[in-house]
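Q: Need coordinates for the following:
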Amino acid sequence: MSSSTQRRLQGRTSCWVLGGIGCLGLLVIAFVVLYFLARAVQESGLGQVTQIAAEAEQKLKPRLTAIYQGIQQYAQANNGKYPPNLKALVPKYLTEEALTPVVLSDGTEYKFVYRPPKPNDPPDTVILEHEPPVKLVISVLGETAETRVTYQVGKDGKIREKTETVSSSNRRTPQQGTEGR
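A: Take a look at the predicted model:
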């Protein structure tokens, strides 16, 4: 290299060095954003809400299914007549334990409510559900939303989710029903 070229390059930073510093800066910014995002999610209670929702589904749905099956066995054995109450299913169709309330890890006790259907009720008539609703509370940026979920079993045996959400500003979303099984 000639001495004039060396003098021109002295004091200049290579574009590769500048690009590397820029990429390093972007990585630092990304890690800071991820850190604060993780803290926001943790403070919002989203992790706890997810855990409670999963636990409720894992414990309540199988019990509702078992009780419904007992109701159906009773009805088949009694010419289509439904039991007058859930106690009528014990001990022939269900154990006493199947009717005991379910307690989740947050200490909330959920009991089962049965409403005998009338012969001409439509298939989606709710005959079995739990009380109280599962409460899922999340807070983001000063706004709190509480969602109440109730699993309901229709006369047709389908499990539906009835949900209602109320925000801290008292806005309510309409109740929604989603089918599952």
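Q: Show me what the helix or strand encompassing Lys162 is packed against.
A: Applying DSSP states H and E as the criterion places Lys162 in strand 159-167. Secondary-structure packing of strand 159-167 (3 or more Cβ pairs under 8 Å, 6 or more residues apart in numbering; DSSP states H and E): helix 46-77, strand 143-154, strand 172-180. From N, CA and C alone the C-beta is placed, and that goes for glycine too.
Q: looking at the ones you listed, which is buried most?
A: strand 143-154 (a mean of 18; mean count of other Cβ atoms under 10 Å).
Q: can you tell me the average pLDDT over that strand?
A: Throughout strand 143-154, pLDDT has a mean value of 89.
Q: Report all helices and strands that that strand contacts.
A: Packed on strand 143-154, when contacts are counted by 3+ Cβ pairs under 8 Å, 6+ apart, are helix 46-77, strand 126-131, strand 134-140, strand 159-167.
Q: Can you tell me which of these has the worst average pLDDT?
A: Taking the mean pLDDT of the helices and strands packed on strand 143-154, strand 134-140 comes last: a mean of 81.
Q: Buried residues in it, which are they?
A: Val134, Leu136, Val137, Ile138 (16 or more other Cβ atoms under 10 Å).
Q: One more: stretch 104-112?
A: Buried residues in stretch 104-112 (16+ other Cβ under 10 Å): Leu104, Tyr110, Phe112.
Q: cool, and stretch 84-96?
A: Leu86, Ala88, Leu89, Tyr93, Leu94.
Q: That one spans what distance, first to last residue?
A: The straight-line separation of the ends of stretch 84-96 (Cα to Cα, to the nearest Å) is 16 Å.
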